[in-house]
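A.B. asks: quick one: sequence plus predicted model below, questions after.
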Amino acid sequence: MASRSAVAWGIVFATLVAFAIPWFMWREAATVAGLPVWLWWHVGWLCLTSGAFAVFARRDWGIFVEAGAEPAGATEGER
């Protein structure tokens, strides 16, 4: 059974991936500072994603790793 924290991070990661490319803004002709609005969305989204990853790395790094699991192809000496 997945922990509450693992489910929450899974939802966060799925949302970050789903909105990484702003398909809904590609036909938008507006510009800000000489660049299309959808490009600013993408840059902002990358900043948000890096912030979320920093929080994940600080708080719950290793949450999706099973305790006691051995790497695939590990030899007897590596175990």
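C.D. replies: Okay, I see it. Numbers count the residues shown, from 1 in each chain.
A.B. asks: now do the helices in this protein.
C.D. replies: Secondary structure of the chain (DSSP state H): helices at 4-18, 37-59.
A.B. asks: tell me who's in contact with the most centrally placed residue in the chain.
C.D. replies: With distances taken as C-alpha atoms, centre = their mean, residue 13 lies nearest the centre of the chain, 4.2 Å away. By C-beta atoms under 8 Å, 6 or more residues apart in numbering, the contact list for residue 13 is empty. For glycine as for every other residue, the C-beta is placed from the backbone atoms N, C-alpha and C.
A.B. asks: change it to 10 Å
C.D. replies: 49, 52, 53, 56, 64 (C-beta atoms under 10 Å, 6 or more residues apart in numbering).
A.B. asks: tell me the pLDDT of it.
C.D. replies: On the pLDDT scale, residue 13 is placed at 93.
A.B. asks: quick check: the closest residue to residue 32 other than its chain neighbours vs residue 20, distance?
C.D. replies: If the residues on either side of it in the chain are set aside, residue 32 comes closest to residue 40, at 5.6 Å by C-beta to C-beta, 6 or more residues apart in numbering. Counting by C-beta to C-beta, to the nearest Å, the separation of residue 40 from residue 20 is 14 Å.
A.B. asks: kind regards, and thank you for your time.
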